[in-house]
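In: Dropping a prediction and its sequence here:
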Number of protein chains: 2
Amino acid sequence: MPATRPWPMNAVRTRSGACAAHRRHQMLTVEQAVQAKAIALGKLSVRATTAAKAGHPTTALSLTHLVTELLYRIMRWDPAHPRAPGSDRLVLSEGHAVPIIYAACADLGVTITPHGNARPMTQDDLMALRDIDSPVDGHPNPEIGFPFFDAATGSLGQGLSVAAGLAAAARLDGIDKTIYCIIGDGESREGQIWEAMDFIADHGLTNVVAIFNCNTLAQSDYVSPAQDWVHLQHKAEAFGWTALAIDGHDPARIDDALRNRASLAKGRPLCIVARTVKGWGVPDLGGMGHHGTPVKQDQLTAALAALDHMAREYGVDSVFPDDVEKLLRITPPPDVPVQPAPVAAPASLGTVAHDNGTIAAALRDKKMMSPRRAFGTALKALGAANPQIVALDADVKNSTYAQDFADAFPDRYFESRIGEQNMVSAAAGLAGGGKIPFVSTFGRFLERAFDQIEMAIIGGADLKLVGTHIGVTLASDGPSQMALADVAFMRAFAHVGDKRGNPAVRVLTPSDGVSAYALVLAMAESSGACYLRAVRGDLPILYPEGEKFPLGGHKVVRQADPAGDGAALVFVASGYMVHSCLKAARILEQDGVRTAVVDAYSLPADVPAILALAGKGGQVVTVEDNYVGGLGSELAEGAGTIPDAPPIHPLTVTRIPKSGRSADDVLHYVGLGVEDIVAAAREYLPAA
Amino acid sequence: MPATRPWPMNAVRTRSGACAAHRRHQMLTVEQAVQAKAIALGKLSVRATTAAKAGHPTTALSLTHLVTELLYRIMRWDPAHPRAPGSDRLVLSEGHAVPIIYAACADLGVTITPHGNARPMTQDDLMALRDIDSPVDGHPNPEIGFPFFDAATGSLGQGLSVAAGLAAAARLDGIDKTIYCIIGDGESREGQIWEAMDFIADHGLTNVVAIFNCNTLAQSDYVSPAQDWVHLQHKAEAFGWTALAIDGHDPARIDDALRNRASLAKGRPLCIVARTVKGWGVPDLGGMGHHGTPVKQDQLTAALAALDHMAREYGVDSVFPDDVEKLLRITPPPDVPVQPAPVAAPASLGTVAHDNGTIAAALRDKKMMSPRRAFGTALKALGAANPQIVALDADVKNSTYAQDFADAFPDRYFESRIGEQNMVSAAAGLAGGGKIPFVSTFGRFLERAFDQIEMAIIGGADLKLVGTHIGVTLASDGPSQMALADVAFMRAFAHVGDKRGNPAVRVLTPSDGVSAYALVLAMAESSGACYLRAVRGDLPILYPEGEKFPLGGHKVVRQADPAGDGAALVFVASGYMVHSCLKAARILEQDGVRTAVVDAYSLPADVPAILALAGKGGQVVTVEDNYVGGLGSELAEGAGTIPDAPPIHPLTVTRIPKSGRSADDVLHYVGLGVEDIVAAAREYLPAA
C-alpha cells in the first residue's frame, strides 16, 4: 500500500502526546490493529451516511469487524486491481450495509471508475455517497463505476446465489479463490437464500463462505425467532453445510474461523453465523428504530465520540496509523493466466450453423421444428465453439433442450433444480466471473425471477435468458405454465439503454427453427442481455439455411405488393402467430386485400421501417398470443412521432386462457384463431 | 353419499363370481377398502390422462394412497359443498398431480360449476380432462369452475403459502379446520416453500399439515440429495416443525399420522415426509423419463392390468363397491355461522373518509402528504369499517405505513418478514378464505412475487396490492429499490378480463394524499385485483376533500382552454409526474401554448376521453418516471382505432437510474426534469 494513501487520522490518532503514543506503539497487537481499523471504518461509515443524509450506518456498524478482517487480513486481493481474476471476492448480499465497504475502499484507495476513468477512491469520494455524480451508489453496483463488486445487490436475498456463480466460474477456470458472502439475518428469510444453500451444497462449491450477520434487528421489527442465530445454524446444518457460530465483533474469533475455514468446514461449504450488534459502538443507535436512518448532523459529534470511547475501551485510541498498517497486510492475489477469448468470431459461429445436422435435415426434409429444439441444438454448437459458454436450467432441460448442452458439456452445465431465482442470480455471478451464461426454463417460470433479472441488468450482467413454452399455444397445460406477461416486463428493458448504449434487454421471438438457431448464436455474440422466447410446438420452417437475423431486424415474410404501392394491410407478428398471420393473409387475398406479413422477431423493433410497408390508407394489425405490452405497444408507441403513421390495431390475449387439447382450441378460446384474425382485420379495413 | 353415485366398477369388481366375492366381503378391512379405492383412483387417473393425451399420471399414482386417505377418511368435508366454510381444505401445491384429485372428485360427485352451473362431477367430466370446454383443467383452478380448490396452483412452490393463508383466515373466523397441503419433493427446492415454513411457524398456524410427496423423481432427473426424505425431515425440524417420515403407500401408517396429527405434532406445525413411488403400481412407469407423459392408448390396457395385479396382490381385486363405501365414510364439516358482510357499503366508507383527521388536517394546513402516508391512514380506516380486511407486509410496514393497520388490528395483520413470495401467495389463501387482503411492500419488491401475483389472478383472488417507493424520485436508494418495470407487468393484466368482466388488475397511481386515500377505499370496494402505486415523497395536495376517484377515471387538473377549442398540448401523467407536468405547463403557458394536464390515475384508462382533450393539431405527451409499458403504451395502443387521434409522444425512463441526493437530481439524470419535459414538448409542437 502506498505511503501516500489517505488515512482517517481523526479516527486513530494519538490522544495525549508522543509519550503515550510511544507506549502503545510498543504493545500493539494484530487484534488491536483490527480493532483500531474497525472503529475508524465505523466512524467513516457514520460520517458518510450523515453527509448523504441517507443510508444504513447501523447495519454498517454491525459489520465493522467482519469487514475489517475480510478486507485487511483474510482476502487475497489488490485494491489497485479489484477485479483481478485471481482475487478472492466479496458479495455483500445485504447491499444496504455498503457504507462499511465504501469506508474500507476509501481507506485503501480501491480503484473506482467514475465515468469510465479509473483512479483510486478517496475520502472525498466516500463523502459523496449517493450523489448523482458519484460511483459510490446507495447499494453495490459495479456498472456505475465501482468494480470492487461483481454484481449489483440491494434487493435482498440474492447475494449468495451470485457468490455461487462466481465460485462456479472460478472452479471452471481452475482458480483457487474464495468467495465470501455477507447475508443479513432478516434477509435470510428470503427463500432464495435457501435455494442457494442447496445449490452450493449440490455442486460442492466449497469455495464459498457464507457469513450471516446476526444483528437481530430487521427494518420494522426484531428478526423472527426463525432467523435468530441458533435457528440459522440449525438450518444451515440441515442444508448440508458446516455452521460455526462466533462473536462477530471479536477479531481473534473471526480471524480464526476465516483463516482455518478449510479444516473447520470438514469438506462441506462453510457458513459462519456471526452474532453482531446493530449500531455497534454507538449506544444511541442501538435497538429498534434505527434502520436506514443516518445520524443527524447535530448528533454526529456525539456518535463519533461514542466510537472514540470504544477505541479507548479497547486501548486503541492512541496508536500510530503506520503501526496499524504494518500489522494489516493484504495478501495479493495469485497471478492467473489470461482466459481464452470470451466469444468465438461470428464467422466460426456461422460455420457451426452450417455444420449443424439437425437444422440441415429439417430443411432437406421440409420438416417441422420447434424453436426450443433449435435452441438446444444451437446451444450445444455454441458450447463447442466457445469454452466460456455455460448453461443453467431449472429441472426442465429435457423440455427446453438445454439437455443437449448438459450432455455434451457436463462441467459447464449447472442444474439448478426447481429454484429459478437462485438460477438467475447464479447466472449473474457466472457472468461476473467472465462466463456467458444461458439460462433456460419455461418463459412462465422466468417470471419468478424478474426481480433477479432486473438486478442482473442493473449490475450489467449479460444474461442470455431463454424462456420456452411461451404463449397460449402451449394449450394443454393451461395458464399456470404459459408465458403471457413476460413480453410486457422484458420489453420495458428493451427501451432502456445500458452503459454501452445497447438495449438493456433484447427480446427475441423466433418463428421457426432456422431463425431460432440463428438468434441463439446472435445472442452469444452480442454484448448485452437478451431474452429469447421459444414456442413449444413444432412450426414449419420459414427461412432458408444461412439466412441472417440481425438483432433489431425483422423479416417481411409476405410481400403485399411487389410493385411498391404498399400494403392495404400489414400483419405484424412473431413466433407462432407469424404462421397464423400467413394463413389469414391467404384468406384475405381472396378478397383482394393486399396483405403483407412481418416477422418482427426482435424488440426493440425498427418501427419506421415496419410501418413504411403500409400503403396510403393502409392498416397495421399486430397479432400476439400474449397479454398487452409487446409488439402492439412497441409499434403504437413508436408511431407517435412518425408523421402520417398508419393506424395500428393490436390483437392480444384479452381473457385468461385455460387448458385445451390443441393450440387451435385455445387460440379460438382467446379470440386469436385464424378466422378471428381475419374477422378483426376486415373490421379495420376501410369499407370497399 | 347417494347410492346412485358413479363407481368405477371395472376397477373394484368381483373376479371369480359370487362365492369369492362373498368371502372377501366378510373380511374386508378399512385398510383394504382404502387400498381398493386407491387403486381404482389410480386407474382413473391413468385413463383420464391417456384420454387427454397429456398430464402427469406418474405423479398422480404416487399420491393414490395419500389422497384416498385424505379425501375419503381424514378430511371433514362435503363433496356436494366443497367450499363449505367449515370444511377441511386441501391445497395441491404440486398442481400437476391433479388427475388423482379429479379421479376422486369424479368418484365422489364433487360439485363443479362449468360455465357457472353447479352440478356433480361425473366420470365423463374426468375423461374431458384438459378439454377447452371442461372445468377439469390441466392444473388446479377454482376460477374455471372447480371450486374444490381455493386457489390456482401449478407454478410450483406456492401451495404451502396458500395453505398458510387459508389457515390464518380460518383462525380469524374461529373455525377449527385443518388445511392439508401436498408438496412435491422436487418442488421443495423452491425457496418459497421455506418462506412458508417460517411463516407458518412464526404465526403458530398449527392447523396446517404439510405433506411432502417424496417420490424421488423430478422432471429431468432424480431429485437432488438436498430434497431426499432424510434431508427434508431435518430441514423441517430446523424450521421449527415436527416432521414425521412415513411410507406414503401404507394406509394404516398414513391414517395413523393424519388422525393423530395433533398429539404427534407436539404443539408445532406438523410435516409429514411421505416416501412414495412415482408411477406406483405400474412397473413400466417407474424410474426416469415418465414425468408428464401419459400412457399411450395402445399401452393403456397393460397399465391398467398392472394396477389390477396390485389389487390382487393386496387381496382387494374382488370386493363389493358397497363394502368399500361403507368403510370409507366422509365426516361432514361442522356448520359454521355466516360471516359478516365482506365489504362495508360505499356510504360508510365515505363517512370514514370524511372522519379522517390526517387528511383533513393536511387539507386545512395545505400541507404536503405522501401517497404512502395516505395509504396507511386509509387502510386503518378500512380496518375499522370492515372486519374482513386483513393486511400483510414484508418488514417494511414502517415505510409503507401498513404499520397503522398493524398497530390497530394486530390480529388481522400478518407480518411476512422479508419473504415477498410467501406473502403474496398467503394473501391469495386469505382471499380464498373470504378475506380482503391488502399486501404492501416497496413496488420494486413486489416484482419478486410476479409469478405469485399471476397465479393469484388466474385463481381469481382479489388481491389488493400496494407498492410504495415507486419510480426514480425515490432517488437516494438507487435502482435496486425503485419500481420501474412494475407498471409494464401489471398493466398487462389491466387488459385481460376476469370472469366477471372486470380488468384482471387495475393499476392505480395517485398523485396526492386525497386521491391515494380515496383510491385505497375504492380498491376495497371493487371486486377484482388492484395494484396501487404509492410515491414515497410528500406531494402537494391537489384535490379537495371528498373528491371522487372512480376506478377507470382520470382528472383534468389543468384545463387548457375553457372556451372549448381543445389543447395544443396535453400532458398525461400520474403520481409524482403530474406535479412536474403542472410546472412544465406553467412554463409553456408563457409561450402561449394552451396546455392541459391530465392525472391519469387509473389503468385501464378512458383513452378516447383523454385524447379528446387535444384540439386540432394538438399533441399528447405522456410523462412517466418508469420504463416503457405504462401510460404511454396505454394511450398509444388505444389511439390506433380512434380516427384522427392526436400524435402521442411517450416520455419514459430510458436509462438505468442511480442514486442521487434529491428527486430532481435523478429526474434530471434520466432526462425527466421539468426543463426536460418542457424541451421535449416544444420539440413536438408544430413550429409557430
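Out: Structure's in. What do you need? Being a predicted model, the structure only gives us computed values, none of them experimental. Numbering: from 1, shown residues only, chains lettered A, B, ... in the order given.
In: Ranking helices and strands of chain A by mean pLDDT, which lands last?
Out: helix A:346-355 (a mean of 47; mean pLDDT, DSSP states H and E).
In: so how far is B:D664 from the closest residue to A:Y627 other than its chain neighbours?
Out: For A:Y627, the nearest residue in space outside its immediate sequence neighbours is B:A492; the separation is 3.9 Å by C-beta to C-beta, 6 or more residues apart in numbering or on different chains. Using the backbone N, CA and C atoms, a C-beta is placed for each residue, glycine as well. To B:D664, B:A492 is 31 Å away according to C-beta to C-beta, to the nearest Å.
In: again, but for A:R594
Out: 52 Å.
In: before we move on, what about A:A573?
Out: A:A573 sits 42 Å away from B:D664, going by C-beta to C-beta.
In: out of the two, which sits in the busier spot?
Out: A:A573 (28 against 16; other C-beta atoms under 10 Å in any protein chain shown).
In: Nearest to chain B: which residue in chain A?
Out: For chain A, the residue closest to chain B is A:G191, as judged by C-beta to the nearest C-beta, at 2.1 Å.
In: So for that residue, what pLDDT did the model give?
Out: Note on A:G191: pLDDT of 98.
In: Kindly confirm my reading that the residue nearest to A:Y627 forms part of a helix.
Out: Yes - secondary structure of B:A492 (DSSP: H, G, I helix; E, B strand; the rest coil): part of a helix.
In: In contact with it, which residues?
Out: Applying C-beta atoms under 8 Å, 6 or more residues apart in numbering or on different chains, we find B:A492 in contact with A:L484, A:A485, A:A488, A:F489, A:N626, A:Y627, A:V628, A:G629.
In: repeat that for 10 Å
Out: For B:A492, the residues meeting the contact criterion (C-beta atoms under 10 Å, 6 or more residues apart in numbering or on different chains) are A:484-489, A:626-630, A:633, A:652-653, B:454, B:504-505, B:507, B:629, B:633.
In: what's the answer for A:D150, then?
Out: Residues touching A:D150, when contacts are defined by C-beta under 10 Å, 6+ apart, comprise A:82-83, A:89-91, A:140, A:142, A:162-163, A:165-166, A:169, A:179, A:428-429, A:431-434, A:459-461.
In: What's the separation between it and A:E69?
Out: Summarising the geometry, the distance separating A:D150 from A:E69, computed by C-beta to C-beta, is 20 Å.
In: cool, A:V472 as well?
Out: Separation of A:V472 from A:E69 (C-beta to C-beta): 55 Å.
In: cool, and A:V336?
Out: The value you get for A:V336 to A:E69, if C-beta to C-beta is used, is 24 Å.
In: same question, A:A60
Out: Per C-beta to C-beta, A:A60 is found 15 Å from A:E69.
In: higher neighbour count, these two?
Out: When neighbours are counted by other C-beta under 10 Å, A:A60 comes out ahead of the other of A:A60 and A:E69, with 28 against 25.
In: my read: that one touches A:T50, true?
Out: No - using C-beta atoms under 10 Å, A:A60 is not in contact with A:T50, being 11.9 Å away.
In: after the least confident helix or strand of chain A comes which helix or strand?
Out: Sequence-wise, the next helix or strand downstream of helix A:346-355 (DSSP states H and E) is helix A:357-364.
In: okay, that next one in CSV with CA atoms only?
Out: What follows is helix A:357-364 as a C-alpha-only set of coordinates in CSV (Å, rounded to 0.1, in the frame of the first residue of the first chain):
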residue,chain,number,x,y,z
GLY,A,357,-27.1,-31.6,-39.0
THR,A,358,-30.4,-31.2,-37.2
ILE,A,359,-31.3,-27.9,-38.9
ALA,A,360,-30.0,-29.1,-42.2
ALA,A,361,-32.0,-32.3,-42.0
ALA,A,362,-35.1,-30.4,-41.2
LEU,A,363,-34.6,-28.1,-44.2
ARG,A,364,-33.9,-31.0,-46.5
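In: one step back: the contacts of A:D150 in strands, which ones?
Out: When the contacts of A:D150 are checked against strands (DSSP state E), the matches are A:R89, A:L90, A:V91, A:I179.
In: ok, the first one - contacts?
Out: For A:R89, the contacting residues are A:75, A:77, A:82-83, A:148-151, A:162-163, A:166-167, A:169-170, A:177-181, A:207-208, A:429, A:432-433, by C-beta under 10 Å, 6+ apart.
In: And the pLDDT at the closest residue to A:G471 other than its chain neighbours?
Out: Once its chain neighbours are removed from consideration, A:G471 has its nearest residue in A:D625; the separation is 3.9 Å (C-beta to C-beta, 6+ apart). According to the per-residue confidence, A:D625 scores 98 in pLDDT.
In: which residues touch A:D625?
Out: Taking C-beta under 10 Å, 6+ apart as the contact definition, A:D625 lies against A:470-474, A:482, A:484, A:535, A:573-577, A:580, A:651-653, A:657, A:663, A:666-667, A:670, A:672.
In: Just to be sure, which of those are found in helices?
Out: When DSSP state H defines the helices, the subset of the contacts of A:D625 inside them is A:Y576, A:M577, A:S580, A:A663, A:V666, A:L667.
In: shouldn't the last one be in contact with A:A584?
Out: No - counting by C-beta under 10 Å, A:L667 does not reach A:A584; the two are 11.7 Å apart.
In: who touches both of these two?
Out: Taking C-beta under 10 Å, 6+ apart as the contact rule, the neighbours common to A:L667 and A:A584 are A:M577, A:G673, A:V674, A:E675, A:D676, A:I677.
In: Pull out the buried members of those residues.
Out: A:M577, A:G673, A:V674, A:D676, A:I677 (16 or more other C-beta atoms under 10 Å in any protein chain shown).
In: Any figure for the gap between the third one and A:A681?
Out: According to C-beta to C-beta, A:V674 stands 11 Å off from A:A681.
In: Now for the two: what residues contact both?
Out: Jointly contacting A:V674 and A:A681 under the rule C-beta under 10 Å, 6+ apart are A:C581, A:A584, A:A585, A:I587.
In: Go through those and single out the one with the most neighbours.
Out: Comparing these on neighbour count, A:C581 comes out first with 32 neighbours (neighbours: other C-beta under 10 Å).
In: My guess is it contacts A:V620. True?
Out: No - counting by C-beta under 10 Å, A:C581 sits too far from A:V620 to count as a contact (11.7 Å).
In: Which neighbours do the two have in common?
Out: Between them, A:C581 and A:V620 share these contacting residues under C-beta under 10 Å, 6+ apart: A:V570, A:F571, A:V572, A:A596, A:V598.
In: mind listing what the second one touches?
Out: In this structure, A:F571 makes contact with A:557-558, A:560, A:577-578, A:580-582, A:584-585, A:588, A:595-600, A:619-623, A:651, A:677, A:681, judged by C-beta under 10 Å, 6+ apart.
In: give me the subset of those residues touching chain B.
Out: Restricting these to those touching chain B (C-beta under 10 Å from any C-beta of the partner chain) yields A:Q619, A:V620, A:V621, A:T622.
In: Please identify which of those is nearest to A:H96.
Out: The shortest gap between A:H96 and any of those belongs to A:T622, at 42.2 Å (C-beta to C-beta).
In: A:E313: what's it in contact with?
Out: The neighbours of A:E313, taking C-beta under 10 Å, 6+ apart as the test, are A:Q35, A:I39, A:G281.
In: So which of these wins on neighbours?
Out: Of these, A:I39 is surrounded by the most neighbours, 30 neighbours in total, counting by other C-beta under 10 Å.
In: So for chain A, the centremost residue is which one?
Out: A:A456 (1.7 Å; C-alpha atoms, centre = their mean).
In: Can you classify that residue by secondary structure?
Out: helix.
In: I figured it hits A:G432, correct?
Out: Yes - using C-beta under 10 Å, A:A456 is in contact with A:G432, at 9.4 Å.
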